[in-house]
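1. Sequence first, predicted coordinates after that:
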Amino acid sequence: MVMLASLLTLCWFLLPAVSLLTLMRICLLVATVQGDSMAPTLLSGERVLAWRFLPMLRLREGQIVLVAQERQARTVPYIKRIIALEGEICTTSPCAERETDEPTNGGFKEKTWHIPPGHVFVCGDDQASSIDSRIWGPLPRRRILGIVLMKLPGRTLSPPSNHVKALPQQGPQRGKQAPPFQAHTMNDTCVTQHTYRGEAILLIFIGRDYASRRSMPTYQTFFNNLSPLGIKGVFVCNADKEDILPFSIEMQVTRPFLIAPGKRNPFFKDYQIDIVPAYCLIDEKGLVRATGPASLALFSNVANVAHYMGFTSERISNTLMLDGAKEQ
């Protein structure tokens, strides 16, 4: 009887440990790296510990993941790093065009990717030796098999300092006179640069793509906050009126909307806008003050006009100081 009680007590104490071990076997993966596509972070033959990916888990740029390039459940996973999430834009350099992680002299030209909803873009740290999303394209989240936690026996992994090329310069040269333009509004009113003579304007170039659609609420809020600063916000779209009308109604656009389809209007070409969404800030003298990709982070706060766009005036300073006093 005493022995039975002792066994029951032992089982009681061992049960949590056994359950924990079982959970770890279910949730954790140990994978061996093959090839040098992740060098110098991970070398061939090294082992990593990964957490099995679940759909509700949050992904971040810079995470190293195990991915399946194909749908088959038994496919051998690749180990890559996430460099872009859904709704983002990235520009990639040439890479090999073979289904192997061995280096090759083949390649293709630099390309810009718009990451669709529910997808991620992955690359190897040694891009010259990696087959990745530059060949496959963006991968659905369901192809992620695990998130790498550490390299065994226990060193935490950190992103490389330069794992993806920056976006090419967008927009005209800063400090120069803004190129002249002409476009029509949704009401067929002709607008030119002279329409805004003596006024500062912020042009946001958009399309009907996912990134533009996702960002429109942020842009419109930003435009509403621009009015006290004496800056007019204007949308410029590279689509025809009949194509953009449903979009403007759906997104409840209340700001000026200039229509400039590339096949008939040189607006985008003259302003050197190759990727949307992008922006161009022009001061009262018609000089370009700032230009580039219109990221959500940049347009999250109207104070960024002064902090990051390099555009300041007494009116802006007074408004920002007043807003700061209200917050305190």
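-> It's in. Values in this document were obtained by computation on a predicted structure and should not be read as measured data. Numbers count the residues shown, from 1 in each chain.

2. Now do the buried residues in the strand or helix carrying residue 149.
-> Using DSSP states H and E, residue 149 falls within strand 144-151. Buried residues in strand 144-151, counted by 16 or more other Cβ atoms under 10 Å: 144, 145, 146, 147, 148, 149, 151. For the C-beta atoms, the positions are set from N, CA and C on the backbone; glycine is no exception.

3. Alpha carbons of that strand, as PDB, please.
-> What follows is strand 144-151, C-alpha atoms only, in PDB (Å, rounded to 0.1, in the frame of the first residue of the first chain):
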ATOM      1  CA  ILE A 144       6.100  28.800 -43.300                       C
ATOM      2  CA  LEU A 145       6.900  25.600 -41.300                       C
ATOM      3  CA  GLY A 146       8.700  27.100 -38.300                       C
ATOM      4  CA  ILE A 147      10.300  30.200 -36.800                       C
ATOM      5  CA  VAL A 148      14.000  29.800 -35.900                       C
ATOM      6  CA  LEU A 149      14.600  30.500 -32.200                       C
ATOM      7  CA  MET A 150      18.300  29.900 -31.900                       C
ATOM      8  CA  LYS A 151      21.400  28.100 -33.300                       C
END
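
4. C-terminal to it, what's the next element?
-> Next along from strand 144-151, by DSSP H and E: strand 182-184.

5. can you list the residues that contact the next helix or strand after that following strand?
-> Using DSSP H and E, the helix or strand that follows strand 182-184 in sequence is strand 190-192. Contacts to strand 190-192, defined as Cβ atoms under 8 Å, 6 or more residues apart in numbering, come from residues 180, 181, 182, 183, 184, 185, 256, 258.

6. what's the closest non-adjacent residue to residue 43?
-> Excluding its sequence neighbours, the residue lying closest to residue 43 (Cβ to Cβ, 6 or more residues apart in numbering) is residue 36, at 6.3 Å.

7. secondary structure class for the one you found?
-> coil (DSSP: H, G, I helix; E, B strand; the rest coil).

8. How confident is the prediction for it, by pLDDT?
-> Model confidence at residue 36, given as pLDDT, is 78.

9. Let me see the contact set for it.
-> 43, 44, 101, 126, 129.

10. The first one contacts residue 32, correct?
-> What that stands for is residue 43. No - using Cβ atoms under 8 Å, residue 43 makes no contact with residue 32, being 11.0 Å away.

11. Tell me who's in contact with residue 216.
-> Applying Cβ under 8 Å, 6+ apart, the residues near residue 216 are 206, 251, 253.

12. should've said residue 86
-> 115, 116, 117, 118, 119, 120, 210.
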